[in-house]
Structure formats: structure tokens, C-alpha cells
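# I'll drop the sequence and a predicted model, then ask my questions.
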Amino acid sequence: MTEPLLELRNLRKAYGALVVTDDVSLSIRPGELHAIIGPNGAGKTTLIHQISGTLASNSGSVLFGGEDVTQLSMPQRVRRGLARSFQITSILPGFSALENVAMAVQARSGSSFRLFGQAAHEKALNEPAMECLAQVNLAGRAHVPAGLLSHGEKRQLELAIGLATAPKLLLLDEPLAGTGHEESQRVVETLRRLKERLTIVLIEHDMDAVFSLADRVSVLVYGRVIATDTPERIRENPEVRAAYLGEEEMV
Ligand SMILES: Nc1ncnc2c1ncn2[C@@H]1O[C@H](COP(=O)(O)OP(=O)(O)OP(=O)(O)O)[C@@H](O)[C@H]1O
């Protein structure tokens, strides 16, 4: 059995008496696209924050590539290849798509570019940035100010900025939120390509996308994982169906 790339052991987060994630244990295998679904308020976003290191857990641990990263900050986790895709709010609208990604490349590289001259510096940032844009099918829009991109293109730009940190595993929190039908198809196709070479943990409410992309699905209800299985088995699981009663998505 292959070692998991990411392992969550008994993670818990509570706000006073409100327990938001409760004893969450999960193993994410290298190369899989693992979706985490659950009704509104189940604790999915909180869990992503705990994994990425933006939120400290009350107890439990996070292991990445076999290393215990529970006490590490988000930037330290990013340097190890555990990255979270950035939200649209972190895109700088006045800068081009390319410049937005180049800044993320620069952040990854730290001061290692200081020794280069200006032209070489730009090339060293722009070439990998362009490569990231190509991977999300946005190379043709590289020089457009990010503020003028459509909503779906901005979501693709978020993915490119996430890729600029050279992740081994990418955490995605609702990458299809707010996209129309055609745009969401484009983002789904992008994710399908990315999953060929990256491990992905995906939170998404769009069940068509989840069931067409995921290798495995975990279901979170009131902060607890009630099932982890293949999409087909999850769809048939009576406990999962009961948790979604009254919600249209699972039908
Ligand atoms: N900082 C906080 N303080 C208090 N309660 C919080 C805080 N953050 C989240 N919660 C509560 O934790 C619960 C889970 O929130 P979370 O956003 O993780 O759920 P979710 O599954 O991502 O929901 P959705 O699908 O609607 O995005 C909610 O009841 C929310 O109100």
C-alpha cells in the first residue's frame, strides 16, 4: 500500500461550545483527486484552513509526505509543497494575469533572484509564470489586466497562482463558485488536466463536477467524516443520502 501524501489524524476545531471539525482522520493518496463534500456549515472550509495552516487546530495532527507539519505556518507548508489556491480577493486587478502569477513565482523563489540582472530577472519570473498560465489555459490572456478577466477566467487565474508555488498537493475551496455553465465546464476541464500530475483536495458544491472528477469522496456532516469511498459507492450510501435529504444536489 502506498504511503499517503497527506494524512489527517483526529483533527478538531471548536469555537467555544461549537465543535466545527470533530475527530477528522483522512488519508489522501498521492495522485488522487479527493473531494470533500457535505451540507452547508459542515466544516469543510474550516478543515481546509486547518490543513493549509491558516487556522490552528485544538487537537490532532497533519502529516505531509510523512512529516508532521501540525506546528508549521502556512508559508512553511507551502514551501514543502502543500498549497492552497488563492482566492479572487488576492488577485491584483490593475496588474496583468502574467504579472499576478509572476509575483507568486517571485514569492516562492524568495531572494534567490537578486543576483540576476533586470532582464534575466524578468525572464526568470515570466517564463515559469507563463507556463502556469498555459496549464490553466489562460496563456492567451496573459497581458490582460486581471480586473478585466471574466469571473471564470479569474478562477483559472487563482489556479495558476496556486501552481506558481510548485505544489505537490493543491487544496481547492469551491473553484466553481459563481461560474456560469460554460465557464464551469472550462474550469472542470482545467482541473481534469491538473489532476494528471497533481494531488488535489477539492471542496465543491457542484455534484456533477465532483462525481466526474473525483477518485474518492469523503462526506463531512456536522464536522465528522461519515464516509470515504469511490463516487459510485458514495452516491448509493444510505447514510450519505440521508444527510443530503432536502438538498437537491445529491439527487
Ligand atoms: N471564526 C468562527 N467563529 C465561530 N464560528 C465559526 C467560525 N468559522 C466558522 N464557524 C462556524 O463553523 C461552522 C462550519 O463553517 P464552515 O465554513 O467550515 O462550513 P462549510 O462546510 O465550509 O460551509 P459552506 O458549505 O456553507 O461553505 C459554521 O456553523 C460556521 O458558522
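Nice, thanks for sending it over.
# mind checking the SS state of Gln106?
Of the three states, Gln106 takes helix under DSSP: H, G, I helix; E, B strand; the rest coil.
# what's the separation between it and the ligand?
Distance of Gln106 to the ligand, given as Cβ to the nearest ligand atom, to the nearest Å: 31 Å. Yep, even glycine has a C-beta here, placed from its N, CA and C like the rest.
# how much space is there between that residue and Lys168?
Shown here: Gln106 relative to Lys168, a distance of 20 Å by Cβ to Cβ, to the nearest Å.
# just the buried residues of the lengthiest helix in the chain, please?
For the chain, the helix that runs over the most residues, judged by DSSP state H, is helix 118-135. Neighbour counts over helix 118-135 (16 or more other Cβ atoms under 10 Å) mark Ala124, Leu125, Asn126, Pro128, Ala129, Met130, Cys132, Leu133, Gln135 as buried.
# who has more neighbours out of Gln106 and Lys168?
Gln106 (18 against 15; other Cβ atoms under 10 Å).
# what sits against the nearest residue to that one once chain neighbours are set aside?
The spatial neighbour of Gln106 that comes closest, neighbours along the chain excluded (Cβ to Cβ, 6 or more residues apart in numbering), is Leu125 at 5.6 Å. Counting by Cβ atoms under 8 Å, 6 or more residues apart in numbering, Leu125 touches Ala102, Val105, Gln106, Ser109, Phe113.
# pLDDT (mean, whole number) over stretch 207-220?
Stretch 207-220 carries an average pLDDT of 95.
# C-alpha coordinates for that stretch, CSV please?
Below are the C-alpha coordinates for stretch 207-220, written out as CSV (Å, rounded to 0.1, in the frame of the first residue of the first chain):
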residue,chain,number,x,y,z
MET,A,207,-22.0,17.5,-7.6
ASP,A,208,-21.8,16.9,-11.3
ALA,A,209,-18.2,18.2,-11.2
VAL,A,210,-17.4,16.3,-8.0
PHE,A,211,-18.7,13.0,-9.4
SER,A,212,-17.0,13.4,-12.7
LEU,A,213,-13.6,14.4,-11.3
ALA,A,214,-13.1,12.7,-8.0
ASP,A,215,-11.2,9.4,-7.5
ARG,A,216,-12.6,9.3,-3.9
VAL,A,217,-15.1,11.3,-2.0
SER,A,218,-15.3,12.0,1.7
VAL,A,219,-18.5,13.2,3.3
LEU,A,220,-18.4,15.6,6.2
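# please compute how far that stretch lies from its chain's middle.
How far stretch 207-220 lies from its chain's middle: 14 Å, per Cα atoms, centre = their mean, to the nearest Å.
# buried residues in it?
For stretch 207-220, the neighbour count (16+ other Cβ under 10 Å) marks Met207, Ala209, Val210, Phe211, Leu213, Ala214, Arg216, Val217, Ser218, Val219, Leu220 as buried.
# distance of the third one relative to the ligand?
Okay, so that is Val210. 13 Å.
# so which elements touch whichever helix or strand that residue is part of?
If you go by DSSP states H and E, Val210 is part of helix 207-213. Helices and strands touching helix 207-213, by 3 or more Cβ pairs under 8 Å, 6 or more residues apart in numbering; DSSP states H and E, are strand 33-37, helix 181-194, helix 231-236.
# adding distance to His151, write those out as CSV.
Conversion of those to CSV gives the following (distance: least, Cβ to Cβ, whole Å):
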stretch, distance to His151
strand 33-37, 22
helix 181-194, 7
helix 231-236, 27
